[in-house]
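J.: Return atomic coordinates for the entry below.
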Amino acid sequence: MKIRGEYVALFLVSLILGLILSIQFRTINKTVGEGALPTQRAQELANDLLKVQSEKESQLKLIEELELKIDQYEKSGIENDIYAENLYKDAMKYRMLAGFSDVEGPGIILEIIDPPVDIQYGEGFTIIDELDLILQVVSILNAADAEAISVNDQRYTSFTEIVRA
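T.: Next up is the predicted model:
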């Protein structure tokens, strides 16, 4: 019995396709899970996300409550004691300087805007690329005893690193 070359080629193509399909099914089962459709997995992940978000909100509320308790304890001890009141004021000042408490009130807004230039191909100079200039501005503000500095709505403290976004 003579086996034709066509049948051998068909057998090899079928074998390769079978191997590829089995690898594909194994990969899908590992990533999605057995018996689960991709839409079911997406729904599970969405439910998990909602749970985590609600847990985060409850934890933030708990943090606020505990911070209020701490403030009450701190303020209750300073009512009649001038020494304790001065210590409390100093602690609040250092918290503000360290960036642990929010600062509100009058201030200045300093905008650094690039001057208009003719941009040629390959040249992309902007003031924002010069981090040294921005650091000099922040240093001058610190030297002028600025109580709080914010760069792009992020509070700047002595531990803040300014990097190119």
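
J.: Please, where are all the helices along the protein?
T.: With DSSP state H as the definition, the chain shows helices at residue ranges 5-32, 38-76, 82-98, 131-143.

J.: orientation of the longest one relative to helix 82-98 in degrees?
T.: Here helix 38-76 runs at 150 degrees with respect to helix 82-98, directions being taken by axes from the mean of the first three to the mean of the last three Cα atoms, to 10 degrees.

J.: Tell me the helices and strands packed up against helix 38-76.
T.: Applying 3 or more Cβ pairs under 8 Å, 6 or more residues apart in numbering; DSSP states H and E, one finds that helix 38-76 contacts helix 82-98. To be clear about C-beta, it is placed using only N, CA and C from the backbone, and glycine gets the same treatment.

J.: again, but for the third one
T.: Contact analysis of helix 82-98 by 3+ Cβ pairs under 8 Å, 6+ apart lists helix 38-76 as its packing neighbours.

J.: Give me the buried positions along the helix it packs on.
T.: Under the neighbour-count criterion of 16 or more other Cβ atoms under 10 Å, helix 38-76 has nothing buried.

J.: same question, stretch 11-18
T.: When neighbours are counted by 16+ other Cβ under 10 Å, no buried residue of stretch 11-18 is found.

J.: repeat for stretch 83-101
T.: Under 16+ other Cβ under 10 Å, the buried positions of stretch 83-101 are G99.
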